[in-house]
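[1] Sharing a sequence plus its predicted fold:
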Amino acid sequence: MWTMGDDFTYENANTWFKQIDKLIHHVNKDGRVNAFYSTPSIYVDANHAENVTWPLKLDDFFPYADCPHCYWTGYFTSRPTLKRYVRQLSAYLQVARQLEFLIGKSKVGPTTDSLEEAMAVLQHHDGISGTEMQHVADDYAKRLALGAAEAEELVGSVLPILLSSKLEACYEKEINAGSGDTSRSPPEMSDSPVNKDTLLKVQQCALLNISYCPPTEADIVSGKSLVVVAYNSLGWAREELIRIPVTNSMLEVKDSKGNVIPSQLVPLSEGSEKVRNIYINGGSQNKDLIFYLVFYASVPPFGYNSYFVTTSMANNPNQARKSSVEKLDSGAVVLKSHDLTLTFSRNGQLMHFENHRTKTNASIEQSYCWYNASDGNTNKSRLQASGAYIFRPNSSTCFPIQDPDNYAPLKVIRGTLVDEIHQEISPWVFQVVRLVKTSEHVEVEFVVGPIPIEDELGKELVTKLRTNISSVGEFYTDSNGRDFVKRVRNYRSDWNYNVTEPVAGNYYPVNLGLYLKDNEKEVSLLVDRAVGGSSLTDGELEVMLHRRLLHDDFRGVDEALNESICIGNGVPCQGLVVQGQFFINIHPVGNAARWRRTQGQKIYSPLQLAFAVIPETNHSTITTPEFSSLIAGYELPPNIVIITLQELDEKNLLLRLAHIYEANEDAELSQVATINLENLFAHRKIDKLLELSLSANQLRSKMKTLKWKHESGAQMVGSPIRGARIKDGQFSIEIAPMEIRTLSIKFKNDN
Amino acid sequence: MAEGMCSLLLLHLLLLCVVGSCELCHAWWTQNYCYDDEFCPAVVDYDTRGGPVAGKLNVHLVSHSHDDVGWLKTVDQYYVGSNNSIQVAAVQYILDSVILALQEDPNRKFIYVEQAFFQRWWREQSKHKQRIVKRLVKAGQLEFINGGWCMHDEASTHYIDMIDQTTLGHRYIKKQFNKVPRIGWQIDPFGHSAIQAYLLGAEVGFDAVFFGRADYQDIAKRRIDRTMEFVWQGSRTLGSTAQILGGVLNNLYVPPHGFEFDIASADPPIQDNPLLYDINVQERVDSFVKLAVEQGKEFRTNHIMWTMGSDFTYENANTWFKQIDKLIHYVNKDGRVNAFYSTPSIYVDANHAENIPWPLKLDDFFPYADRPHCYWTGYFTSRPTLKRYVRQLSAYLQVARQLEFLIGKRKVGPTTDSLEEAMAVVQHHDGISGTEQQHVADDYAKRLALGAAEVL
């Protein structure tokens, strides 16, 4: 096969076709070889017809290098905030689609279509990869923001209808009125219990990640309740701590049944304040002291629950408890949850991890350091700088961030629900280690940047976890957030690998997380966005969190990856600040998958919060404060998630159910699961069910692909398990480990 | 339903226009509420009709491609598109592409000049394609302008060679299309001779001759005096019996700033699709009108000409015509000026119809300087041996033709045709002028030598 084209060619197709016409004519006239216009399908069919045996390839093709010092592993982390924005909106799109389905896709109002399109554009290999020019990255962000704004409008219009409606009545009405009309409008007929004027005004806070949320920060005056709606797009019930920024410190929280629940006020970390001040206040300090109000939300699967925040009188025992704050610069610090004991050194480094329940006891060190990006002039054979695509540290040394002689004291925050350690590790790296009382993992929130470049050195910042686990060169990284692939340091399974870049050549893409293990323990690190990661020493994991570079790497983008933010108002432009989270856990070997899979899903799909203000005494506007789309008491088994729930045209629902365990990954959960789809739709009756191919463009049963013979046929052991085909008229389906089943569902819409 | 949509739409539009920038609000609106074809002005039927309108400033948009018969590449390399590392240029694709684009809309027009290239192309075309081209010529969509074998130099050419090369091209056009070119188009030569005006202009039957290069001081004054166009009387002897309308083009021979639409152009295309970002229709129209009005002040009538092309442009004619279609549509919708597809003949006829007096120009336009210290007088002598070779073969060609006549032109043996063609090629303003690259000068000499060898 000859690929007769290149980037953006055929703008004048005639120059190609006229010449290819001549080539075909003269080459075939010559007769030594045979040339013709073809397509990959024709080529594949021709190859298949040869009936030969092919070599077998396992795993993947990462990382990629096109010359000895040219590993394309930098882009795994390039533009980390764009990568996070995409991940965040990916989850938000699922939420918006679920709510859109509940009410019916609108013909005139806002839809999820433009967010869907913007997200589709961003998946481009010079989009989310971070290898586009800055002005193009800006355009991508703008597309996402416009799409998200429309989706936000949609979510904001659906939630009040659900909150204010008597759902059963509402759906019945709709079913009765639904005949023939494909544009189901929100249930607001004149005799409906819902009156448009009395609908709640629901607000959302896309900037909660940088502690900014106007509706919660507004003074909650007495006589009013702030309603916090937490939406759970997973099919599992969740009990999780939620955090909202508030300026009022005399508050109490009630659940949807009117019971007071425990709550805690946690001061903002210096890092959070710094980011907030830069991006919200134009560099100046907040006028009001901001706290995080923290409380547990218990949310049913595929639904929501509401919480009510009101002012509280002084000395009221129900009032949100203030955390204790302690500044420490000597001695070790210990944080405890029900099952965990974490020990930190006096400079804030996590030193020891102990889980009493699982009897896991391990020393662990978490730290930050930076690689000095090559400027391209250190190698004689070829000039190669670190750039948007390529990671090339000019040595394997990772320089520590923290000045061992001079660092800011720790701030230890303790409370009834959560403990935190706030730390300024350096002027450009801040960290919060968070231990929720019911949690068995370590949550780390980092604020990195602006990366200083006054020394004219490009820098690539990583965080490292050091343990004494004897991982003998092996570690595992995920494949696009799904399967884990085994990696072996300085080794390739397909060829004799010559190590030229001991750091960059061992970097792999990480979307969900990475881990390593020995015969006793596994240490896992889960991420909130796409990053690059590796294990360069046995027992050690690292992920790259941010990079700021001063040279182009000559792979096409023709710009240095030096992301800067100019907020205006006379504030000088400065390097980008990245805020994010990662999660650390240590398990007895073989027991970690359940946490990685469950927690990974929760990181991807956080509870989506929405806010409204109502009179404190009159909650009657909220008739349905808690809701699940599933039948009462049902939740999906822990190995199954809904990855798509989207109303397509013609009243069809596209539903994808995914098994999130690999074979043999977990003793209990790597098994076939059976789901009765009727359990998922408490308010609808399924009429027809079809199974489609993954991209939903053909019937699964009609999907035909060519079969190929391969050389290693006999070597392959084990027989993969697949879920059984769906029987006609049945709504129960089997999902085997790592299977995704794509379903088209038509509901009955009249009696 | 449409009403409901409208009010919703307006509400959102208003809201957004109050809080956000207009661009944001526009993109927002279209992304959100463009469900119905009525609300999706992405499909526009461009109105490209039109011609002069009395009382308005008429902008004649003349699509053309200036194709040197040798310069940085040899004539055949230019035709084929080889040696593109020197210059990306391929005349074969220009003609392929223009013919297709003209078929797409009967209002589109294009002028073609250099017969050395046109005849190379024509000889490769099927009868079917030739019929299409004949139809386009007949309909006035494709017009031959100048029509000589090349756009000859005017400083180092001998008038007999000028006549010869013009005759060669004109006779082909007459034979193939039964057409007679009406306009001289010496847009690039570096100075203009009296002979060009009265002999290769008036006596050829041209109504006008246009050129791009005149002394910078001369042009500056002509702009002020509105004497960019004039009656040119090049012969002291023949006087008023051999006059022609002469015209200095407004902007060399390229479009006004911002309206160059070739495939690799950096100028902004007209973005009128409301589903996409960065709409610029109003800004482009404003710029068009401003440039036209400025130019109008320097010319005498309500007609001005924009040369919509440049060196070897239109290899992808679609990039030009698609944009000019839009320009015509939106500029005329705006209404401040009137724009349409035109040719130099249509422009000259419109000017003539105005029936106004023109300034008189005598003698010639030598020497040419494009700025202080930059006199284009070196090329009068550049490549003296090539210049002599041409002169020698000019005389030799006459001898050979006389002998050929005495015996009768043969159908199978050697003829004077290839020397005639080689001589016609070399008259080019980057040929005998000596301003071509060395490898091209070598190619010219080779052509002359092969032509001469056949005659020996």
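    Perfect, thanks for sending it. Numbers count the residues shown, from 1 in each chain, chains lettered A, B, ... in the order given.
[2] On the pLDDT front, check the residue in the stretch 301-450 of chain A that chain B sits nearest to for me.
    Residue nearest to chain B within the stretch 301-450 of chain A: A:Ala388 (23.1 Å; Cβ to the nearest Cβ). Every C-beta, even on glycine, is put in place using the N, C-alpha and C of the backbone. Listed pLDDT for A:Ala388 reads 95.
[3] Where does it sit: helix, strand or coil?
    coil (DSSP: H, G, I helix; E, B strand; the rest coil).
[4] and stretch A:645-656, how far from the chain's centre?
    Centre-to-centre, stretch A:645-656 and its host chain are 23 Å apart (Cα atoms, centre = their mean, to the nearest Å).
[5] Whether it contacts chain B - can you check?
    No: for stretch A:645-656, no contact with chain B is found by Cβ under 8 Å from any Cβ of the partner chain; the gap never falls below 12.0 Å.
[6] In the stretch 501-650 of chain A, which residue sits closest to chain B?
    A:Asp649 (12.0 Å).
[7] Who are the contact partners of that residue?
    By Cβ atoms under 8 Å, 6 or more residues apart in numbering or on different chains, the residues touching A:Asp649 are A:Lys105.
[8] Name the helix or strand of chain A that has the lowest mean pLDDT.
    Between all helices and strands in chain A, the lowest mean by mean pLDDT, DSSP states H and E belongs to helix A:167-177, at a mean of 42.
[9] next SSE after that one?
    Per DSSP states H and E, the first helix or strand lying C-terminal to helix A:167-177 is helix A:214-217.
[10] Distance of the residue nearest to B:Gln141 when sequence neighbours are not counted relative to chain A?
    Leaving aside its sequence neighbours, B:Gln141 sits nearest to B:Leu102 (Cβ to Cβ, 6 or more residues apart in numbering or on different chains; 4.8 Å). Relative to chain A, B:Leu102 is positioned 15 Å away (Cβ to the nearest Cβ, to the nearest Å).
[11] Go ahead and confirm A:Ile278 touches A:Val577.
    Yes: using Cβ atoms under 8 Å as the test, A:Ile278 is close enough to A:Val577 to be in contact (6.3 Å).
[12] more crowded one of those two?
    Neighbour count, other Cβ atoms under 10 Å in any protein chain shown: between A:Ile278 and A:Val577, A:Val577 has more, with 22 against 19.
[13] Could I get the phi/psi values of residue 162?
    I went with chain A, as the question did not name one. For A:Leu162, the backbone dihedrals are phi -70, psi -50 (criterion: degrees, to the nearest 10).
[14] Can you list the neighbours in contact with whichever strand or helix holds A:Glu424?
    Taking DSSP H and E as the criterion, A:Glu424 maps to strand A:418-426. Strand A:418-426 is contacted by residues A:241, A:264, A:266-267, A:269-271, A:294, A:323, A:333, A:335-337, A:344, A:348, A:368, A:401-403, A:407-408, A:410-413, A:430-437 when judged by Cβ under 8 Å, 6+ apart.
[15] Remind me what whatever helix or strand comes next after it packs against, helices and strands.
    Per DSSP H and E, strand A:418-426 leads on to strand A:429-436 as the next helix or strand towards the C-terminus. Secondary-structure packing of strand A:429-436 (3 or more Cβ pairs under 8 Å, 6 or more residues apart in numbering or on different chains; DSSP states H and E): helix A:270-279, strand A:333-336, strand A:340-344, strand A:418-426, strand A:442-448.
[16] roughly how far is strand A:429-436 from the heart of the chain?
    19 Å.
[17] give me every residue that touches the residue of the stretch 1-150 of chain A found nearest chain B.
    Of the residues in the stretch 1-150 of chain A, the one nearest chain B is A:Asn12, at a distance of 3.8 Å by Cβ to the nearest Cβ. Residues near A:Asn12 by Cβ under 8 Å, 6+ apart: B:93, B:97, B:263, B:315-316.
[18] shared neighbours of A:Ile278 and A:Val577, which are they?
    Among the neighbours of A:Ile278, those also in contact with A:Val577 (Cβ under 8 Å, 6+ apart) are A:Ile565.
[19] thinking again about what came up before, which of the contacts of A:Asn12 sits closest to A:Asn591?
    B:Ile263 (61.9 Å; Cβ to Cβ).
[20] tally of neighbours for A:Lys142?
    Neighbours of A:Lys142 under the rule other Cβ under 10 Å: 15.
[21] Phi and psi next, for residue 60.
    This is for chain A. phi -140, psi -170.
[22] meant chain B, my bad for not saying
    Dihedral pair for B:His60: phi -80, psi 110, per degrees, to the nearest 10.
[23] is it in a bridge, and if so with what?
    Beta-bridge partners for B:His60, by DSSP bridges, are B:Met305, B:Phe340.
[24] Hmm, B:Ile346 and it touching each other?
    Yes: the criterion here is Cβ under 8 Å, and B:His60 meets it with B:Ile346 at 6.6 Å.
[25] okay, the two: which has more neighbours?
    In this view B:His60 and B:Ile346 are compared by other Cβ under 10 Å, and B:His60 has more residues nearby, 25 against 22.
[26] Helix or strand: which one has A:Leu609?
    A:Leu609 belongs to strand A:608-615 when assigned by DSSP H and E.
[27] Give me the mean pLDDT for that strand.
    Regarding strand A:608-615, the rounded mean pLDDT is 94.
[28] buried stuff in it?
    Residues of strand A:608-615 classed as buried: A:608-614 (neighbour count, 16 or more other Cβ atoms under 10 Å in any protein chain shown).
[29] from the chain's centre, how far out does it sit?
    Distance, centroid of strand A:608-615 to centroid of chain: 24 Å (Cα atoms, centre = their mean).
[30] and if you look at stretch A:459-470?
    The chain centroid and the centroid of stretch A:459-470 are separated by 22 Å under Cα atoms, centre = their mean.
[31] cool, and stretch B:172-182?
    Computed by Cα atoms, centre = their mean, the chain-centroid distance of stretch B:172-182 equals 18 Å.
[32] repeat for stretch A:155-164
    Mean C-alpha position of stretch A:155-164 versus that of the full chain (Cα atoms, centre = their mean) differs by 25 Å.
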